[in-house]
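**Q** no sequence for this one, just the structure:
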C-alpha cells in the first residue's frame with residue numbers, strides 16, 4: 001500500500017460511506033464469483049456494516065488523501081464469523097483467547113483501488129492487533145473472490161460453507177484459519 005493511503009479506525013460517522021463502499025465492492029469485485037441474485041441477497045445480511053466491530057474499535061478504513069474511504073476490514077473477539085447488522089443470527093458473545101481464533105471480518109476494497117496492497121495492509125493491522133489482544137490464531141469466512149488473498153497471506157482452507165441467505169439462495173464461502181506464529 002502506498003503512502004497516499006491512511007489506515008484509521010472506523011467511526012459511526014463512516015457508516016453511510018461504508019455501506020456505499022461495500023455495495024460497490026460486492027457488485028463490481030465479487031461479481032466474478034457470484035451471481036447477481038447471490039450478491040443482492042448477500043447485501044441484505046451476509047455483507048454489510050457490523051456496528052459492533054466499530055464500537056469495539058476493531059474495524060478499520062483505508063482513506064485516500066482526500067478522505068474518501070476505499071477499503072475496510074477488521075477483526076473481532078466476538079463469536080460471529082461474518083455478516084452485518086442486518087443478519088439476525090449474529091452472536092455477540094466473546095471468544096476464548098486460549099482456544100478460539102480471532103475473527104477476521106468484513107474486508108471490502110473499492111474496485112478502482114484493488115491490487116494496491118490495501119487488503120493486505122488491513123489484514124496485517126488486524127492480525128497484529130489480535131495477537132496483541134492475546135489471540136494466537138485467526139479464523140474467517142472468505143468470499144470466493146477474497147480467498148486468494150488469504151491463501152497468499154498464509155491462511156488454509158478448512159472447509160466449504162454454504163450460507164442459506166434466503167429460501168432458494170445459497171451463497172458459497174470458504175472457512176479458513178491461520179496460526180499467528182505463521183505470519184507471512
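**A** Right, received. Where do you want to start? Since the structure is predicted, the reported quantities are computational estimates derived from the model, not experimental observations.

**Q** C-alpha only now, for contacts and for neighbours.
**A** OK.

**Q** which element is the residue minimising distance to the centre of the chain on?
**A** Nearest residue to the geometric centre of the chain (C-alpha atoms, centre = their mean): residue 106, 2.1 Å. Using DSSP states H and E, residue 106 maps to strand 102-109.

**Q** Adjacent strands (with direction) for that strand?
**A** strand 69-76 (antiparallel), strand 137-142 (parallel) (DSSP bridges).

**Q** Just send those back as JSON lines, with distance to residue 30, mean neighbour count and mean pLDDT too.
**A** Shown next, in JSON lines, are the strands paired with strand 102-109 (distance: least, C-alpha to C-alpha, whole Å; neighbours: other C-alpha atoms under 10 Å; pLDDT from 0 to 100):
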{"stretch": "strand 69-76", "distance to residue 30": "14", "mean neighbour count": "26", "mean pLDDT": "97"}
{"stretch": "strand 137-142", "distance to residue 30": "11", "mean neighbour count": "24", "mean pLDDT": "96"}
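
**Q** mind putting those in TSV, distance to residue 18 included?
**A** Converted to TSV, the strands paired with strand 102-109 look like this (distance: least, C-alpha to C-alpha, whole Å):
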stretch	distance to residue 18
strand 69-76	7
strand 137-142	19
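
**Q** And the pLDDT at the residue nearest to the centre of the chain?
**A** On pLDDT, residue 106 comes in at 94.
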